[in-house]
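Chemist: Sequence and computational prediction follow.
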Amino acid sequence: MAKDVIIACDFPDAETTYDFLKRFKDRKPFVKIGMELFYSEGPDIVRKIKALGHKVFVDLKLHDIPNTVRGGMRSLSSLGADMVNVHASGGSAMMEAAVEGLTAGCGHERPILIAVTVLTSTDAARLRDEILVGETLEKTVDSYAALAARSGLDGVVCSPLEAKRVKSVCGESFLTVTPGIRFADGNSDDQKRIATPEFARENGSDYIVVGRAVTGAADPVAAYERCIAGFIG
């Protein structure tokens, strides 16, 4: 599996997004469309960015009853997305329904389907005191990853700190998509479990998701190239 850097296009509207992507000229980076942009512009934003030549990760983190998630994935499969996701905490029946819906709606190769384990903005104290999960953060990530693998998913979203351990639990071919990427001289913002591109490479990440470290940089293209150099070499 080739490694790649995914830019989180967490912008409020299409115009801002297109202006950002134009800065890359000959490059066509893999991009993530999350809730803010998708809810602002609707599903057509995925089709338009795909038409520009970019791979797209539609990051909506579906989490509902199995039948609703099955239908949601069937709808998402028509957009041409390269990667989509659910919350692993929705359970095995929900994740299996996601696979069914995504497969049934595809007239092409099925997008990569991954499950969010524990958000990188969550630390051990919040997991214990607010979410009321009694296990350690590490054991929770391992358990959710194993459940996703048994449910037929392709991988998980976890922090770079946990990628190597997820591989040991689920196998080397099981994908690890890791947000929480910051440069050593950067700001952590609201993320708790963070790492550099270089650490992510060494610790088994298959994809890194980079947001403000690139989109908020004075020179986003140079910041992206720095990520590529650190993660892929």
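Modeler: Now that the structure is in, tell me what you want to look at.
Chemist: Pull the contacting residues for Ser40.
Modeler: Each residue near Ser40 by C-beta atoms under 8 Å, 6 or more residues apart in numbering is listed here: Pro12, Asp13, Ala14. Heads up, the C-betas are built off the backbone N, CA and C, glycines and all.
Chemist: Hmm, the first one is touching Glu36, no?
Modeler: Meaning Pro12. Yes: taking C-beta atoms under 8 Å as the contact criterion, Pro12 and Glu36 are neighbours in contact, 6.2 Å apart.
Chemist: Now do Ser121, the pLDDT please.
Modeler: Confidence per residue is given as pLDDT, and for Ser121 that number is 84.
Chemist: helix, strand or coil for it?
Modeler: For Ser121, the secondary-structure state derived from DSSP: H, G, I helix; E, B strand; the rest coil is coil.
Chemist: picking up where we left off before, got CSV for the contacts of Ser40, with distance to Ile112 too?
Modeler: Listed next are the contacts of Ser40 as CSV, based on distance: C-beta to C-beta, whole Å:
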residue, distance to Ile112
Pro12, 26
Asp13, 27
Ala14, 24
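Chemist: which among the residues you listed gets closest to Asn203?
Modeler: Taking C-beta to C-beta as the measure, Pro12 is the one of these closest to Asn203, at 32.9 Å.
Chemist: Asp129 and His54, how far apart?
Modeler: The spacing between Asp129 and His54, counted by C-beta to C-beta, to the nearest Å, is 40 Å.
Chemist: Next: Lys167.
Modeler: Taking C-beta to C-beta as the measure, Lys167 falls 27 Å from His54.
Chemist: Repeat that for Asp44.
Modeler: Applying C-beta to C-beta, the value for Asp44 to His54 is 15 Å.
Chemist: same thing with Lys164?
Modeler: In terms of C-beta to C-beta, Lys164 sits 29 Å off from His54.
Chemist: quick one on the thing from earlier: more neighbours: Asp44 and His54, which one.
Modeler: Per other C-beta atoms under 10 Å, whichever of Asp44 and His54 has more neighbours is His54, with 21 against 10.
Chemist: Let me see the contact set for that one.
Modeler: By C-beta under 8 Å, 6+ apart, the contact list for His54 reads Leu21, Lys28, Pro29, Phe30, Val31.
Chemist: Is Leu37 part of a helix or strand, or is it coil?
Modeler: Secondary structure assignment for Leu37 (three-state DSSP): helix.
Chemist: quick one: the helices in the protein?
Modeler: 14-22, 35-41, 44-51, 66-76, 92-104, 124-129, 137-150, 163-170, 197-202, 212-215, 220-231 (DSSP state H).
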